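J.: Prediction below, plus the sequence it came from.
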Amino acid sequence: MAKAIKRRPYSRRKRGLGSRIIGWIVKAILLFIVLSVLWVLLYRFVPPPVTFTQMGDILGGRSVAKDWMPLAQINDDMKRAAIAAEDSKFCSHWGFDQDAIAEAMRRNAQGDGVMRGGSTISQQTAKNAFLWQGGGYFRKGLEAWFTLLIENLWSKERIMEVYLNIAETGIATYGVNAGAQRYFNKDASELSRTEAARIAAVLPLPKRREAVTPSGFTRRYGNSISSRIAVVQRDGLDSCLYGESERASPVEREEPVRRERPKAKAQAAPPIEPGAEYEDQAPAEPAGPAPPPAPAPPPPEPEPEPEPEPEQPELNGA
């Protein structure tokens, strides 16, 4: 009996500790969900002040260069270049491209030594804004969670805007605007198609690739992206990046140099006088050289002056 009395409090303490641990885990999960949702909602309206990747550069003694630019001001070809290079289905998927993931897994299974990813722009935005670089299943799981959040709480325009402003475009350089200033001494609003393609070619390996004078694979990859930009524009693969006022067919959003100039307005005809519509109109003459002028008629001969009549004599006695 005494042994039974001693064991009962011990078993109660054991069950109580296990319940408390489970309760802590549940509370931690709920707290994480609430905080992550609030975090994502905050970045829907506020530019991310700093990312974990940027903090790594700062702690490493580097001076971080970044210059936020609204999406509407970024050159359209830069947006198309990002879609052409990183995620051609950006406007149609829900955050994940299953075909790209399957293809990456297939090619990685071949074991050629080059690891390829199937991450979409949404996944890269979630990683860059809320997480750290590197692999691992734990970080991949967090990346999937934040990808679902931004796809449901942000617009596609906001996802692209954050991506183009925090993606690493060079050593300690973040965003396409800072990259354009570093490589081409201009803002991202003034990039040419070739320059936009070169920046997009740098995105996968910004610390190893050069955008100003690319060579080898980077040069060929940039030329390929430049060609695909036209496909993105032609097929409207960037249609989700424009508001209702800007949303138009790809043809309507061509550059001004490709648009047909409006024809000059015809001058208004003079008003018709009342009754003029009943006047006979002379038939139009056929086009051609004007006929030679008709010879002028000879001047009329002067008529002879009439002779004066003789005066009548006055009659006497009249």
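T.: Perfect, thanks for sending it.
J.: okay, CA-based contacts and neighbour counts for the rest of this
T.: Fine.
J.: Tell me where the chain has helices.
T.: Ranges of helices within the chain are 2-45, 52-59, 76-86, 98-109, 121-130, 137-153, 156-166, 176-184, 193-202, 217-235, based on DSSP state H.
J.: Compare the mean pLDDT across these and name the weakest.
T.: If you rank those by mean pLDDT, helix 98-109 sits at the bottom with a mean of 73.
J.: Ignoring the adjacent residues along the chain, who's closest to residue 95?
T.: Distance criterion Cα to Cα, 6 or more residues apart in numbering; nearest residue to residue 95, sequence neighbours excluded, is residue 122 at 5.5 Å.
J.: quick one: that neighbour from residue 37, how far?
T.: As judged by Cα to Cα, to the nearest Å, residue 122 and residue 37 stand 16 Å apart.
J.: can you list the weak-confidence ranges in the stretch 201-318 of the chain?
T.: 244-318 (pLDDT under 70).
J.: same thing but at 80, please
T.: For the stretch 201-318 of the chain, applying pLDDT under 80 flags the ranges 213, 215, 243-318.
J.: one step back: what about the helices of the chain, which gets the closest to residue 211?
T.: helix 193-202 (5.3 Å; Cα to Cα).
J.: Now do that closest one: which elements does it pack against?
T.: The contact analysis (3 or more Cα pairs under 8 Å, 6 or more residues apart in numbering; DSSP states H and E) places helix 193-202 against helix 76-86, strand 168-170, helix 176-184, helix 217-235.
J.: And the helices of the chain: which comes nearest residue 68?
T.: Nearest to residue 68, of the helices of the chain and by Cα to Cα, is helix 156-166 at 5.8 Å.
J.: With just CA atoms, put that closest one into PDB.
T.: Provided in PDB are the C-alpha atoms of helix 156-166 (Å, rounded to 0.1, in the frame of the first residue of the first chain):
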ATOM      1  CA  LYS A 156       1.300  39.800 -57.600                       C
ATOM      2  CA  GLU A 157       2.300  43.400 -58.100                       C
ATOM      3  CA  ARG A 158       3.500  43.600 -54.500                       C
ATOM      4  CA  ILE A 159       5.400  40.300 -54.700                       C
ATOM      5  CA  MET A 160       7.300  41.500 -57.800                       C
ATOM      6  CA  GLU A 161       7.900  44.900 -56.300                       C
ATOM      7  CA  VAL A 162       9.500  43.400 -53.100                       C
ATOM      8  CA  TYR A 163      11.500  40.900 -55.100                       C
ATOM      9  CA  LEU A 164      13.000  43.500 -57.500                       C
ATOM     10  CA  ASN A 165      13.900  45.700 -54.500                       C
ATOM     11  CA  ILE A 166      15.600  43.200 -52.200                       C
END
